[in-house]
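**Student:** Generate a structure from the sequence data that follows.
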Amino acid sequence: MIAGLLIDISGVLHVGDEPIIGSAEAVRRLRRAGYLLRFVTNTSRLCRAGVIERLERLQMPVAPEEVITAPLAGRKWLEARGLRPHLLIHPDLAADFRDMECGNPDAVFLGDAGEYFDYPALNRAFRLLMDGAPLVAVARNRYFQEADGLSLDMGAFVTALEYAAGVEAVIIGKPSAGFFESALADMDLEASQVLMVGDDAEADVLGAIAAGLQGALVRTGKYRPGDEERLENTTATVFRNLEELSKSLKKS
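**Tutor:** Predicted structure coming up:
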């Protein structure tokens, strides 16, 4: 029986600064039905406070304590190992790493730096990796949906550094099993009791299923026709949007 849902934020609740029609009411419907909710994201062009501020501006019925972000999971991972990261991130994410020891770095941490993925920044990261620093990345997503179309995500830069330095990145966000396990611990639920809802068949749905959760794909955000074919021979379900999914669930 499903007792809780992990709901991806970008592409399921909104695209850019526009809410997806019906998503706010869908969240309210799920709450009224008694489901425990957490809202998860690999987004790394905004700090957690910025993600929450956007949701509030879009009038999404989401409480700040329900928001789980991959960049902060990355900070916890680094601190638990006593690592001092070289941060190759977007300036708008910097608040999540404020007061963290980053001098004389012995690790490389990648977020979606956007236009700040320039040659000097990538080359500095490359040199640290060649000296033995581990590569830690929020995700390896290929692209994401913005208001004006698809945009290149950080996965291409992660792969480039892996190839150049001959290393393998530690992925912190979805589809990492550790990210899902952290969210489950926050909900105090077993994996089999939780449904992950996302617009990314690979990172959201297949990642969740591999971690023991249930998975549902919505045809919004970055979804493209044919994505559901990747879910053949799995237990995943597919819905037009979060609103349709919310109407289909019946909590006993």
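**Student:** Give the buried residues for stretch 199-216.
**Tutor:** Within stretch 199-216, the residues that qualify as buried are 199-209, 211, 213-216, counting by 16 or more other C-beta atoms under 10 Å. Using the backbone N, CA and C atoms, a C-beta is placed for each residue, glycine as well.
**Student:** Run through this protein and note the low-pLDDT ranges.
**Tutor:** Residue ranges of the chain with pLDDT under 70: 251-252.
**Student:** again, only this time at 80
**Tutor:** 250-252 (pLDDT under 80).
**Student:** any idea how it splits into domains?
**Tutor:** The chain is divided into the following domains under automatic domain parsing: 4-69+175-248, 71-171.
**Student:** need the strands for this protein, in chain order.
**Tutor:** Remark: strands assigned in the chain by DSSP state E are 4-8, 14-15, 18-19, 36-41, 67-69, 85-88, 107-110, 135-137, 143-146, 149-152, 170-171, 194-198, 214-218, 237-239.
**Student:** Just send these back as JSON lines, with distance to residue 79 too.
**Tutor:** JSON lines is the format used below for the strands of the chain (distance: least, C-beta to C-beta, whole Å):
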{"stretch": "strand 4-8", "distance to residue 79": "24"}
{"stretch": "strand 14-15", "distance to residue 79": "30"}
{"stretch": "strand 18-19", "distance to residue 79": "34"}
{"stretch": "strand 36-41", "distance to residue 79": "20"}
{"stretch": "strand 67-69", "distance to residue 79": "15"}
{"stretch": "strand 85-88", "distance to residue 79": "10"}
{"stretch": "strand 107-110", "distance to residue 79": "11"}
{"stretch": "strand 135-137", "distance to residue 79": "12"}
{"stretch": "strand 143-146", "distance to residue 79": "27"}
{"stretch": "strand 149-152", "distance to residue 79": "30"}
{"stretch": "strand 170-171", "distance to residue 79": "14"}
{"stretch": "strand 194-198", "distance to residue 79": "26"}
{"stretch": "strand 214-218", "distance to residue 79": "30"}
{"stretch": "strand 237-239", "distance to residue 79": "37"}
